[in-house]
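*Asks:* please find the sequence and the predicted model below.
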Amino acid sequence: MPIQVNTLRRQALSAFIACGFALLAGCQEHAGPELATVTGTVTLDGEPLKDATLHFQPTSGRPSYGKTDESGKYNMGYSLERQGVALGEHKVIIRSVVEDKYGKTLRQEMLPRKYHDQTTLSALVEDKANVIDFDLESK
């Protein structure tokens, strides 16, 4: 008889813990800062910049990331579950280097350091659908 009681207690405890984790996961899905959509186009010397990565870094908190497509268009993502960028002022970093999944460089960095390592780019993300274009120059 004691074995059955202990088994029931363990099963009840397991179910309770599982429900707790499910509740926490549900709460975390909506946790975090208020986000706004950010899209735009990146050009280099007037031409669309394909496969560039964008990094919007707020003054505090986690960054958002994006990547340009064939036409230089991008859409920013905050996490796998949430699209957008936290509201407020951001430092923007854009890189054009392309690597394969093994880390081998397929395209060297072609942007001046003022767009990445020593970025001078910034963006203000407001509570609306933001369209932020970057017209970069190679010199």
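*Replies:* Yep, that arrived. As the structure is a computational prediction, the values presented were derived from the model and not from experiment.

*Asks:* tell me which helix or strand of the chain sits lowest on mean pLDDT?
*Replies:* helix 2-29 (a mean of 49; mean pLDDT, DSSP states H and E).

*Asks:* report the next helix or strand after that helix in sequence order.
*Replies:* strand 35-36 (DSSP states H and E).

*Asks:* what helices or strands is that following strand leaning on?
*Replies:* strand 85-86 (3 or more C-beta pairs under 8 Å, 6 or more residues apart in numbering; DSSP states H and E). Where C-beta positions appear, they are placed from N, C-alpha and C, glycine not excepted.

*Asks:* give me the phi and psi angles of residue 114.
*Replies:* phi -70, psi -10 (degrees, to the nearest 10).

*Asks:* per-residue confidence at it?
*Replies:* Looking at residue 114, its pLDDT is 97.

*Asks:* now residue 31
*Replies:* For residue 31, pLDDT reads 75.

*Asks:* now it: how far from residue 88?
*Replies:* Applying C-beta to C-beta, to the nearest Å, the value for residue 31 to residue 88 is 18 Å.

*Asks:* comparing these two, which residue is more hemmed in?
*Replies:* Neighbours of residue 31 and residue 88, each counted by other C-beta atoms under 10 Å, are more numerous for residue 88; the result is 17 against 8.
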